[in-house]
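**Q** pasted the sequence and its predicted model underneath.
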Amino acid sequence: MLKLSRADYDALRQHGEETYPHECCGILLGRIDDDARTVTSTARAGNTRTDSAHNRYNIDPKELVRIQREGRERGEDIIGFYHSHPDHPAQWSSTDLAEAHWFGCSYVITSVLKGKAVLTNSFELAGSDESDKRLIDEAIEIA
């Protein structure tokens, strides 16, 4: 389960609306308690894809490391990532699975239709390595 505040939930959805018709992307920071990942902050990231930003995203590794370092200074860990799907369902794609590498993290996808966020889903990256990884449906609890 992924737990996040209404403010963080609204912020990641708004990010998708602001970047439409391109994909937005960002990082979820917080802690893992038993079977739940609790978001304590979100960090917007720039989508560095220039070839197909409307249906792909990439976070610059330097930005990822900076966000991770700043989170650790606040006692937070990276517990997931989010991105938008402009004019496509809030369902992971084969590309999303291929490019997901943080096992045990949440991958949140917001469908943005004609500039408006309509549905947000979360998926946990499960498995033990690249050969058996899979994204499984994950409940979202908004506090």
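**A** Received it, and whenever you're ready, just let me know what you need.
**Q** show me the residue at the heart of this structure, geometrically.
**A** Tyr82 (1.5 Å; Cα atoms, centre = their mean).
**Q** wait, isn't Ser122 in contact with Tyr107?
**A** Yes - look at Ser122 against Tyr107 with Cβ atoms under 8 Å: they come within range, at 7.0 Å. To be clear about C-beta, it is placed using only N, CA and C from the backbone, and glycine gets the same treatment.
**Q** need the overlap of contacts for the two.
**A** Gly80 (Cβ atoms under 8 Å, 6 or more residues apart in numbering).
**Q** quick revisit: just give the nearest non-adjacent residue to the residue nearest to the centre of the chain, would you?
**A** Val108 (3.9 Å; Cβ to Cβ, 6 or more residues apart in numbering).
**Q** again with Val39
**A** Leu4 is the one closest to Val39 (Cβ to Cβ, 6+ apart), at 3.8 Å.
**Q** also Leu113?
**A** Closest to Leu113 by Cβ to Cβ, 6+ apart is Asp87, at 5.8 Å.
**Q** over to His22?
**A** According to Cβ to Cβ, 6+ apart, the nearest residue to His22 is Ala53 (4.1 Å).
**Q** what segments of the protein are helices?
**A** 6-19, 61-73, 94-98 (DSSP state H).
**Q** can you give me the end-to-end span of stretch 99-113?
**A** 23 Å (Cα to Cα, to the nearest Å).
**Q** can you check stretch 30-39 too?
**A** 4 Å.
**Q** residues in contact with that stretch?
**A** Taking Cβ under 8 Å, 6+ apart as the rule, stretch 30-39 contacts 1-5, 8, 28-29, 40-41, 76-77, 79-80, 104-106, 141.
**Q** quick check: mean pLDDT of that stretch?
**A** Here stretch 30-39 scores 93 as its mean pLDDT.
**Q** list the buried ones in it?
**A** 30, 37-39 (16 or more other Cβ atoms under 10 Å).
**Q** just stretch 70-78 next, same as before
**A** 71, 76, 78.
**Q** what of stretch 52-68?
**A** 53, 56-59, 63, 67-68.
**Q** and the least confident of the residues you listed?
**A** Ala53 (78).
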